[in-house]
Every structure is written in C-alpha cells, then in structure tokens.
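Student: below: sequence and its predicted model.
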Amino acid sequence: MPSIIHCTNCEAGYPEEGVPYRCQKCGGLYDYSTLPVFMPAQVDHSQPGIWRYRHTFGIPPTCEPLSLGEGNTPLVWVNIFGRKVAFKCEYFNPSGSFKDRGSTVIMGWLKSRSITEAIEDSSGNAGASFAAYSARAGIKAQIFIPESASGPKRRQITAYGAKLITIAGSRSDTAEAVRKKAEGGVVYASHAYLPFNIPGYATVAYEIYEQLGEKMPKAIVVPLGQGGLLLGLVYGLNNLRIATNNIKEMPRMIGVQTSICAPLKALYSGGHAVSDIITGNSTLAEGVNVQNPIRGEEVIRAIRTCRGEIYTVDEKNILVSRDKLAKLGFYVEPTSAIVWPALEKMIRELSDPIVVILTGSGYKYE
C-alpha cells in the first residue's frame with residue numbers, strides 16, 4: 001500500500017500485505033496522511049460507476065474496478081419553504097444507499113489483496129452494500145447486525161448470499177461482537193475503521209459540482225452516524241477547491257442526528273461525555289444510531305472548518321418528515337428523513353444553492 005495511509009497514533013504506514021482494520025503496532029486508527037489530488041483532466045468516463053474518479057482513491061493501479069454501476073445519482077430540484085432546494089438522491093445506488101460508493105472501493109481493495117472471506121458489522125445499509133459487492137467480487141461475507149435491524153435489510157443481505165449474524169442488544173454490542181470475531185484472524189473490512197470508503201464518498205461532492213454546472217453549493221445537509229459521508233464530502237470539496245479557481249469558500253456543512261443518539265452533537269457543543277447525550281433507546285433512524293463514532297474528532301474538525309452545525313431531531317418528527325418527503329416524490333427510509341426538520345429550521349440561515357443528501361431507500365424500512 002502506498003505510504004499515504006498511516007496510523008494516526010504512531011504514524012506507522014499501512015502494511016503491504018493483509019487488511020488490518022487497526023494499526024498492528026499500537027492499535028491506532030488508519031487514515032490518509034496525504035490526500036490524492038483531484039485532477040479534472042484525469043476523470044476517466046470509460047470506467048464503470050465512480051471508478052471514473054479512481055485517481056483520487058489512493059489505491060494501487062493494479063486494483064481492478066469492481067463496480068455495480070454506483071454513482072451518477074440524480075440531483076432533483078424542488079421549491080420548498082419559499083426556496084429552490086436540490087436533493088441528491090443517493091438511494092438510487094445499486095443496493096439502495098450511499099454506502100455503495102464506499103463498498104466498491106473497499107471491495108476492490110480486498111480483491112486486489114486476494115481476500116476470499118471477510119466480516120462486517122452494520123445497522124443494515126452498510127451490511128447490505130457489503131453483501132452486494134462481496135457477491136460481485138466472489139468473496140464470502142458474514143454480516144453482523146443488531147436484532148433491531150429492519151426486515152427488508154435482513155432479507156437483502158441474505159439474498160446476496162452473505163451469512164447474517166444477529167446480535168442481541170445495541171449497535172455497540174454488534175460492533176463489539178464483530179471485533180471479537182476478528183481476533184480469530186478473519187478480515188474485518190470495517191466501513192468505520194478502514195479509511196478506503198472515504199474517497200468513495202467524496203465522489204458525491206464531485207458529482208454535485210458537475211451537476212451544478214461546475215459550481216459549489218453554499219450549503220449541504222446530511223445525516224450523521226459515524227460521519228463518514230460528511231468526511232468524504234469535505235474531502236471531495238477540499239479537492240475541488242484545490243483543483244479549481246472558482247471556489248472562494250467551502251459550503252456550510254449541516255449534520256443531522258436524532259435527539260436520542262447525538263454523540264457528535266455532544267462533542268461539537270463542548271466536548272461533553274458521549275453518555276451525557278445518549279439515552280440507550282433505539283431510534284427510528286437506525287442508520288445513525290451510532291453511540292461512539294470512531295472518527296468523531298475528525299468529523300467535528302471538518303464541520304468547524306466548514307462553518308457548519310449539528311442539528312438534532314426529535315423522534316416524533318421522523319416519520320412525519322418521511323411522509324412529507326414522499327409527498328414530493330422522494331421515498332426514503334427514516335434515517336434519510338431526519339434532514340427535513342433540520343432544513344426547515346435552518347433554511348433561513350443558508351445561502352443558495354442548498355443541497356440535501358437523501359441517503360437510503362424507503363424500501364429498506366417496514
């Protein structure tokens with residue numbers, strides 16, 4: 001692996017063999033120390049899906065594209081709250097969520113290292129995406145999910161041929177179970193720990209820029225769980241700022257959590273202990289039910305860099321918001337719907353153009 005990925009603790013480079021999810025020397029988190037530069041002239045439209053941007057992925061040239069046609073999702077304009085707002089419909093991705101942008105890069109990386117079996121944990125969407133791309137790659141997959149995960153996501157995971165392992169308890173209990181499994185030597189291809197999905201998520205920013213006629217949005221509203229999508233967006237936006245001359249400032253990033261589970265809001269508001277703002281209850285927005293975001297400090301830095309904000313949504317407003325989006329033609333799951341009350345509350349503070357990210361399909365929820 002090129003030395004652009006290092007441990008954030010001891011600075012050890014990512015090893016040339018295997019796929020460790022944490023630093024083998026100190027147990028630290030791997031991340032990009034140098035971001036691959038975005039070069040508009042190197043966008044290769046002959047490549048499938050988001051692999052047209054592969055020069056930004058930071059992976060070896062020997063890594064073959066492994067695509068299901070992810071990306072190129074619609075940007076749909078709607079007149080709401082007296083404004084014209086664009087909705088980026090990520091639920092059009094092959095498995096029904098934005099996670100496919102990360103899975104295609106991670107799975108291509110696994111395949112390049114001759115991995116034949118891997119495990120992952122998820123509240124549903126990441127697991128379904130991982131299962132889909134595992135099937136495409138011919139990699140045997142086991143997906144750990146909490147027992148509360150919705151039925152459609154369970155059925156989707158097993159339909160792809162992955163082994164589904166249900167864990168009693170919370171999303172955190174599920175993460176602990178898969179880490180224990182990884183101690184036995186199985187590759188843990190975690191979308192939270194491994195950094196390879198972040199450049200995949202950055203392609204959302206490149207597409208938005210193209211769809212706006214090579215212009216940047218002034219604000220982006222996005223759900224926050226682990227915060228990987230927001231990190232990817234900021235990574236991509238920074239890349240665009242460096243590569244172009246018509247960007248004077250970064251868009252404002254508005255992250256949205258639920259009031260039941262808002263650890264990033266706690267950190268953003270003054271570094272309160274996560275336990276101060278976690279009730280332990282489950283939320284309808286299961287995709288953002290993450291109690292201990294692995295890259296939390298990095299997410300907070302990214303939001304502050306973009307003059308952003310974190311907004312929390314009450315449970316009683318989630319299904320109402322989902323229904324309001326459906327009346328506009330957007331059929332999304334509850335996790336995606338939490339952007340609606342945040343947009344309604346903050347729209348007067350935001351400048352045009354505003355882009356709202358709809359992360360997952362309504363077909364995933366029952």
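Tutor: That came through fine. Numbers count the residues shown, from 1 in each chain.
Student: what segments of the stretch 1-150 of the chain are helices?
Tutor: Taking DSSP state H, counting those that start in this stretch as the criterion, the stretch 1-150 of the chain carries its helices at 99-112, 125-137.
Student: show the pLDDT at the nearest residue to I165 once chain neighbours are set aside.
Tutor: Closest residue in space to I165, ignoring its immediate chain neighbours: F144 at 4.8 Å, by CB to CB, 6 or more residues apart in numbering. No exception for glycine: its C-beta is placed from N, CA and C like everyone else's. The score at F144 is 92. That number is its pLDDT.
Student: how much space between E297 and V332?
Tutor: Distance, E297 to V332, by CB to CB, to the nearest Å: 29 Å.
Student: which one's more surrounded, the two?
Tutor: V332 (28 against 13; other CB atoms under 10 Å).
Student: got the contact list for the more buried one?
Tutor: Neighbour list for V332: Y91, R322, L325, A326, L358, T359, G360, S361, G362 [criterion: CB atoms under 8 Å, 6 or more residues apart in numbering].
Student: go again with 10 Å.
Tutor: Contact analysis of V332 by CB atoms under 10 Å, 6 or more residues apart in numbering lists 87, 89-91, 96-97, 321-322, 325-326, 338-340, 358-365.
Student: selecting buried members of those in ChimeraX, what would you type?
Tutor: Selecting only the buried entries of these in ChimeraX, with 16 or more other CB atoms under 10 Å as the criterion:
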select :87,89,90,91,96,97,321,322,325,338,339,340,358,359,360,361,362,364,365
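Student: so which of the contacts of V332 belong to strands?
Tutor: F87, C89, L358 (DSSP state E).
Student: let's have those residues in a markdown table, adding pLDDT and distance to G102.
Tutor: Formatted as a markdown table, the ones in strands among the contacts of V332 follow (pLDDT from 0 to 100; distance: CB to CB, whole Å):
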| residue | pLDDT | distance to G102 |
| --- | --- | --- |
| F87 | 98 | 21 |
| C89 | 98 | 17 |
| L358 | 98 | 17 |
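Student: closest to L164 among the residues you listed?
Tutor: L358 (26.0 Å; CB to CB).
Student: quick one: L75 and V355 touch, right?
Tutor: Yes: with contact defined as CB atoms under 10 Å, L75 reaches V355; the gap is 7.3 Å.
Student: more crowded one of the two?
Tutor: Under the neighbour definition other CB under 10 Å, L75 and V355 were set side by side, and V355 has more, 23 against 16.
Student: where exactly do the strands run in the stretch 101-250 of the chain?
Tutor: For the stretch 101-250 of the chain, strands defined by DSSP state E, counting those that start in this stretch occupy the ranges 117-121, 140-146, 163-167, 187-188, 219-223.
Student: now the first one - C-alpha only, PDB.
Tutor: Translated: strand 117-121. Written as PDB, here are the backbone C-alpha positions of strand 117-121 (Å, rounded to 0.1, in the frame of the first residue of the first chain):
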ATOM      1  CA  GLU A 117     -13.600 -14.100   3.200                       C
ATOM      2  CA  ALA A 118     -14.400 -11.000   5.200                       C
ATOM      3  CA  ILE A 119     -16.800  -9.800   8.000                       C
ATOM      4  CA  GLU A 120     -18.500  -6.500   8.600                       C
ATOM      5  CA  ASP A 121     -20.900  -5.000  11.100                       C
END
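Student: who does it pair up with?
Tutor: strand 140-146 (parallel), strand 187-188 (parallel) (DSSP bridges).
Student: now the third one
Tutor: Strand 163-167 has these partner strands in its sheet, going by DSSP bridges: strand 140-146 (parallel).
Student: so the strand it pairs with versus helix 99-112, what angle?
Tutor: 140 degrees (axes from the mean of the first three to the mean of the last three CA atoms, to 10 degrees).
Student: just the buried positions in strand 140-146, please.
Tutor: Along strand 140-146, these residues count as buried under the neighbour rule (16+ other CB under 10 Å): K140, A141, Q142, I143, F144, I145, P146.
Student: CSV for the residues you listed, including distance to C26?
Tutor: Putting those into CSV (distance: CB to CB, whole Å) gives the following:
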residue, distance to C26
K140, 30
A141, 28
Q142, 27
I143, 28
F144, 25
I145, 30
P146, 29
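Student: please, which helix or strand holds T312?
Tutor: strand 309-313 (DSSP states H and E).
Student: for that strand, what is the average pLDDT?
Tutor: 96.
Student: CA atoms only for that strand, dumped as CSV, please.
Tutor: Output of strand 309-313 as CSV, limited to C-alpha atoms (Å, rounded to 0.1, in the frame of the first residue of the first chain):
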residue,chain,number,x,y,z
GLU,A,309,-23.6,23.0,12.6
ILE,A,310,-25.1,19.8,14.0
TYR,A,311,-28.9,19.7,14.4
THR,A,312,-30.8,17.2,16.4
VAL,A,313,-34.3,15.8,15.5
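Student: sorry, back to before: A175: which of the strands of the stretch 101-250 of the chain is closest?
Tutor: strand 117-121 (5.3 Å).
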